[in-house]
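1. Sequence first, then the predicted structure:
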Amino acid sequence: MDTKNAAADKMTQERIRRARSSGPEIITKDATVAEMDAKGNHCVATGNELLGVRPR
């Protein structure tokens, strides 16, 4: 994995962590977190697992 992708993945993991810490754990622990990047790619995470990025 190159440095740019590693940095992007680290940033994504941090955004997921912040989203999960924004509410009560009983609600957020099993939440699905989804976001769209500037290029329109979807990133989805559920539980503690990043499910992947789906290109637009």
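-> Okay, I see it. Numbers count the residues shown, from 1 in each chain.

2. Show me what counts as buried in the longest helix seen in the chain.
-> Using DSSP state H, we find that the single longest helix of the chain is helix 3-20. Neighbour-count burial for helix 3-20 flags Thr12, Ile16, Ala19, Arg20 (criterion: 16 or more other C-beta atoms under 10 Å). (C-beta placed from N, C-alpha, C; glycine too.)

3. Ala30 in helix, strand or coil?
-> Not quite, residue 30 is Asp, not Ala. State at Asp30, reduced to three classes by DSSP: H, G, I helix; E, B strand; the rest coil: coil.

4. Likewise for the one 10 residues further on?
-> Secondary structure, three-state DSSP: Gly40 is coil.

5. how many neighbours does it have?
-> Residues within reach of Gly40, counting by other C-beta atoms under 10 Å, total 9.

6. Ok, the one 5 residues further on next?
-> By the other C-beta under 10 Å criterion, the neighbourhood of Ala45 contains 21 residues.

7. mind listing what Gly23 touches?
-> Gly23 is in contact with Ala31, counting by C-beta atoms under 8 Å, 6 or more residues apart in numbering.

8. tell me which element it falls in.
-> Take DSSP states H and E as the rule and Gly23 turns out to sit in neither a helix nor a strand.

9. Thanks a lot, see you next time.
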